[in-house]
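Sequence below, structure please.
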Amino acid sequence: MADMDGSGSSGKIFGFFLAVLALAVMGAAVTFFLRPDLFSFGSVNPVAHVSVFPQEAAVGGGQWRLLSQWHGAGDFHEAGNLYRVEFKPIPGWETPPPVVLKKDETGARIEGVYKPVQYSTQTILELSGASTLANRLVPELAEFYLTNIGANEVRRIPGKSADEMTVEGIFYAAREIRAIKISGQGTAAGFSALKAGDCDIAMAVHKLSAVDAKIFGEGIVTAQSEHRLGMDAVAVLVHKDNPVPALTIEQVGGIFSGEILNWEQVGGPPAPIKVFVLRENFATRRFVKDFFLNGKDFASSARVVDIHEMLPELVSQDPWAVGFSSITMANQCREMPLKPGADSDAVAPTPESIRKLVYPAGRNLYLYLKATTDNVYARDFIHVALGPVGQEVVKKFGFVKNSEVEGDASAADRDTPLDGSQIPFAQLPATEPPPVLKAPPLKSLPPLVQFDGEAVPESARRTVLQDYLDGVYGAQKLSFVFHFESGNLELDEQGGRDLARIAAMMKEPKNSGKTIVLVGYSDSVGAYASNLAVSRKRAEAVAEALGKRGVQDIVVLAAGEEGAVDRNDIRAGREKNRRVETWIK
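Numbering: from 1, shown residues only. All right, here's what the predicted structure looks like:
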């Protein structure tokens with residue numbers, strides 16, 4: 001019995017080994033059928049060496065592999081196994097053709113020569129303007145846009161200067177490179193380039209005034225040309241270890257104008273203040289000048305910086321430095337909280353305070369194109385930038401996207417459009433369409449006492465005064481006067497009540513067909529042209545508020561420093577002169 005048991009066990013073991021062997025043979029047979037190239041049976045490898053040229057292609061991912069030749073169903077080749085050396089396709093290169101080897105070939109040496117693909121290049125879009133947008137946000141939007149229209153690869157190419165960049169999208173199948181060129185040399189430069197036809201979209205950190213829009217030509221820039229991209233704020237920057245807790249708007253103005261020279265004067269330690277400012281053509285510099293300095297000049301000792309992004313870096317390296325920039329460029333600097341008045345609470349430039357319109361130095365960001373443009377990419381780019389994903393990109397870079405703004409976003413349009421010789425199309429504002437009746441021509445000009453002694457050309461004054469007199473000629477002056485704080489376009493409670501009264505008055509039957517004339521005035525602190533633009537902004541703010549109350553027939557005029565009702569060398573007098581008067585005709 002024992003012998004029988006042992007014999008049975010041996011048989012089982014032998015059967016097991018036979019089964020394993022059978023499976024191995026079957027596996028080998030299947031493998032041989034599918035991949036005969038793996039069985040050399042002692043033969044020499046058909047390939048001895050494969051080279052990939054040029055070196056750039058090899059580094060870029062050029063590779064090869066050895067495969068058995070494929071056959072169709074039922075095909076028979078006397079040659080038996082054929083082998084093929086195949087090369088891997090890589091972007092930007094033409095793939096070498098495969099090399100076929102017969103079974104009796106051995107030790108072949110093969111060269112795979114990749115050739116660069118020839119791409120056609122097309123510039124589909126050019127944007128010019130504010131460095132705040134050109135620095136980071138717009139290149140990111142350009143990358144997203146090119147990917148969105150099918151680019152297989154996107155790359156950034158630096159320009160000749162730090163303010164220039166090209167974003168290229170590579171389309172493999174079409175063998176095309178589509179480029180978007182971006183130049184961030186200032187809002188003024190963007191408007192000039194748009195007017196001259198040197199760009200498709202102007203990037204701006206303030207609205208284009210109605211007067212400047214007219215200079216483009218009739219119907220070139222319309223309400224449909226303006227697109228608000230989001231909201232930004234201008235931050236006052238100091239070193240991260242600066243101990244001053246907050247500054248009033250007036251103190252900031254004193255620091256940048258050179259009236260305050262030591263941190264001890266604003267509650268800090270006894271240390272001299274070192275001021276950094278951007279060069280003249282930056283709209284951010286003009287915003288600071290108008291909003292904080294009331295148009296006064298910056299301190300002559302201030303160091304001028306040519307590149308927006310460099311200013312925060314310089315401030316971060318000096319414990320007693322101060323400067324300004326978009327909030328998105330603050331980097332390692334501390335953003336100084338601001339107090340609108342000495343008794344006000346300090347407000348830091350946070351996304352929350354900006355979207356709630358609480359931070360006083362907020363501003364809107366805009367993209368402009370010509371209403372007559374035939375560039376479909378320009379319209380499509382703006383559509384994508386204002387869409388859900390584009391707005392998330394806006395938020396990613398620290399700006400406030402449109403949907404998050406609480407309240408009337410136009411309240412942040414406080415900075416004055418640039419003017420002067422650097423902007424060829426932004427001269428002294430022209431008038432609104434003239435009324436039927438005109439005032440008699442001016443024979444002599446009234447006296448003008450400027451706070452800083454600027455010599456204003458007689459021709460400029462005569463134009464402003466004549467336009468103002470023509471506008472109110474034959475009109476009846478009303479008792480409603482709107483007063484404004486320096487650098488502010490917000491109306492007080494009394495102003496709100498007066499708006500309601502004017503709206504009710506214009507609904508009376510006797511006033512049917514009549515027009516409200518709004519005349520803006522300013523004090524004489526700062527440049528004449530700048531004050532003229534500020535006064536127009538104030539009149540436009542009242543016009544917009546009346547429009548929301550149903551008043552449609554409104555003419556806006558700007559008198560600037562002309563028509564002062566009190567002295568400009570005292571604070572109380574300047575407050576009286578910053579006003580908007582109302583007329584009806």
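
Okay, the residue nearest the centre of the chain and residue 186: tell me how far apart.
For the chain, the residue nearest the mean C-alpha position is residue 133 (2.4 Å; Cα atoms, centre = their mean). Distance, residue 133 to residue 186, using Cβ to Cβ, to the nearest Å: 11 Å. For every residue, glycine as well, the C-beta is placed using N, CA and C.

hang on, the earlier thing: need the three-state assignment for the residue nearest to the centre of the chain.
The local conformation at residue 133, judged by DSSP: H, G, I helix; E, B strand; the rest coil, is helix.

give the contact list for it.
Going by Cβ atoms under 8 Å, 6 or more residues apart in numbering, residue 133 touches 184, 203, 205, 229, 365.

redo that, cut-off 7 Å
203, 365 (Cβ atoms under 7 Å, 6 or more residues apart in numbering).

where's it relative to residue 230, distance?
Distance from residue 133 to residue 230, by Cβ to Cβ: 9 Å.

what do those two both touch?
residue 365.

which residue packs closest to residue 514, ignoring adjacent ones?
residue 584 (5.5 Å; Cβ to Cβ, 6 or more residues apart in numbering).

ok, now how distant is the one you found from residue 180?
Taking Cβ to Cβ as the measure, residue 584 falls 50 Å from residue 180.

With neighbour numbers in mind, choose between these two.
residue 180 (26 against 17; other Cβ atoms under 10 Å).

Pretty sure the more buried one sits in a strand.
Yes. Under three-state DSSP, residue 180 falls within a strand.

before we move on, what SS does residue 542 have?
helix.

contacting residues around it?
So residue 542 contacts 482, 518, 580 (Cβ under 7 Å, 6+ apart).

Verify the stated contact: residue 244 with residue 271.
No. Assessed by Cβ atoms under 7 Å, residue 244 is found out of contact with residue 271, at 10.5 Å.

Now the common contact residues for the two.
Joint contacts of residue 244 and residue 271 (Cβ under 7 Å, 6+ apart) are residue 263.

Tell me which of those two has more neighbours.
residue 244 (16 against 12).

From residue 296, how far off is the more buried one?
22 Å.

got it, and residue 266?
18 Å.

Would you mind telling me which of these two has the busier surroundings?
residue 296 (20 against 17).

can you pull the contacts of that one?
257, 525-526.

can you give me the end-to-end distance of stretch 570-585?
34 Å (Cα to Cα, to the nearest Å).

Stretch 286-296 now?
Using Cα to Cα, the two ends of stretch 286-296 sit 11 Å apart.

roughly how far is it from the heart of the chain?
In terms of Cα atoms, centre = their mean, to the nearest Å, the centre of stretch 286-296 is found 22 Å from the chain centre.

Repeat that for stretch 48-65.
43 Å.

circling back to that earlier point, can you redo the contacts of residue 296 as JSON lines with distance to residue 67 and secondary structure?
Formatted as JSON lines, the contacts of residue 296 follow (distance: Cβ to Cβ, whole Å; DSSP: H, G, I helix; E, B strand; the rest coil):
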{"residue": "257", "distance to residue 67": "77", "secondary structure": "helix"}
{"residue": "525", "distance to residue 67": "82", "secondary structure": "coil"}
{"residue": "526", "distance to residue 67": "78", "secondary structure": "coil"}
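
Closest one of the residues you listed to residue 248?
Nearest to residue 248 among these is residue 257, at 13.9 Å by Cβ to Cβ.

quick one: the closest residue to that closest one other than its chain neighbours from residue 575, how far?
Computed as Cβ to Cβ, 6+ apart, the closest residue to residue 257 that is not its neighbour in sequence is residue 296, at 4.9 Å. Separation of residue 296 from residue 575 (Cβ to Cβ) stands at 17 Å.

What separation is there between the nearest residue to residue 445 once chain neighbours are set aside and residue 467?
Take residue 445 and drop its neighbours on the chain: the residue closest to it by Cβ to Cβ, 6+ apart is residue 461, 5.6 Å away. Residue 461 is 11 Å from residue 467, where distance means Cβ to Cβ.

for residue 143, same thing?
Remark: distance between residue 143 and residue 467 (Cβ to Cβ) = 47 Å.

burial count for the residue nearest to residue 445?
Residue 461, neighbours per other Cβ under 10 Å, totals 19.

Would you confirm that it contacts residue 444?
No. Using Cβ under 7 Å, residue 461 is not in contact with residue 444; the gap is 11.1 Å.

Just the helices from the stretch 301-450 of the chain, written as ranges.
310-316, 351-355, 376-386, 388-396 (DSSP state H, counting those that start in this stretch).

I'd like to know which of those helices lies nearest to residue 123.
helix 376-386 (9.8 Å).

buried set for the closest one?
Neighbour counts over helix 376-386 (16 or more other Cβ atoms under 10 Å) mark 377-378, 381-382, 384-386 as buried.

Also stretch 211-224?
Neighbour-count burial for stretch 211-224 [16+ other Cβ under 10 Å]: 211-213, 215-216, 220-221.

go on, stretch 333-351?
Buried residues in stretch 333-351 (16+ other Cβ under 10 Å): 333-340, 347-351.

quick one: low-confidence ranges for this structure?
Scanning the chain for pLDDT under 70 picks out the ranges 1-17, 19-20, 22, 24-45, 68-81, 103, 414-439, 451-452, 486-487.

Quick one: residues contacting residue 246.
So residue 246 contacts 336-339, 346 (Cβ under 7 Å, 6+ apart).

let's see it at 10 Å
Contacts for residue 246 (Cβ atoms under 10 Å, 6 or more residues apart in numbering) come out as 236, 266-267, 336-339, 344-348.

do residue 312 as well
With Cβ under 10 Å, 6+ apart, residue 312 has these contacts: 235, 237, 276, 305, 321, 323-326, 329-333, 335.

Now render the buried residues of stretch 211-224 as JSON lines, adding distance to residue 199 and secondary structure.
Conversion of the buried residues of stretch 211-224 to JSON lines gives the following (distance: Cβ to Cβ, whole Å; three-state DSSP):
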{"residue": "211", "distance to residue 199": "21", "secondary structure": "helix"}
{"residue": "212", "distance to residue 199": "16", "secondary structure": "helix"}
{"residue": "213", "distance to residue 199": "16", "secondary structure": "helix"}
{"residue": "215", "distance to residue 199": "17", "secondary structure": "helix"}
{"residue": "216", "distance to residue 199": "13", "secondary structure": "coil"}
{"residue": "220", "distance to residue 199": "14", "secondary structure": "coil"}
{"residue": "221", "distance to residue 199": "13", "secondary structure": "coil"}
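
what's the farthest-apart pair in these?
Greatest spatial distance in the buried residues of stretch 211-224: 211 and 220, 13.8 Å, computed using Cβ to Cβ.

where do the strands sit along the stretch 51-200 of the chain?
All strands of the stretch 51-200 of the chain, identified by DSSP state E, counting those that start in this stretch, fall at 64-68, 82-87, 93-94, 99-102, 108-113, 115-116, 120-129, 153-158, 164-171, 176-183.

my bad, should have said the stretch 301-450 of the chain
303-305, 321-326, 334-335, 338-339, 362-368.

next one: the last one to chain centre, how far?
Relative to the mean C-alpha coordinate of its chain, strand 362-368 is positioned 8 Å out (Cα atoms, centre = their mean).

Just give the strands next to that strand in its sheet, each with its orientation.
Its sheet considered, strand 362-368 pairs with strand 201-204 (antiparallel), strand 226-238 (antiparallel) by DSSP bridges.

For residue 358, which of these is the nearest?
Of these, nearest to residue 358 by Cβ to Cβ is strand 226-238, at 10.4 Å.

mind checking how far the closest one is from the chain centre?
Computed by Cα atoms, centre = their mean, the chain-centroid distance of strand 226-238 equals 9 Å.

cool, and stretch 111-130?
Averaging C-alpha positions (Cα atoms, centre = their mean) puts stretch 111-130 24 Å from its chain's average.

Pull out the buried residues from it.
Per 16+ other Cβ under 10 Å, stretch 111-130 contains these buried residues: 112, 114, 119, 124-130.

want to throw the residues you listed into CSV with distance to residue 300?
What follows is those, written out as CSV (distance: Cβ to Cβ, whole Å):
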residue, distance to residue 300
112, 67
114, 61
119, 52
124, 45
125, 41
126, 37
127, 35
128, 31
129, 29
130, 26
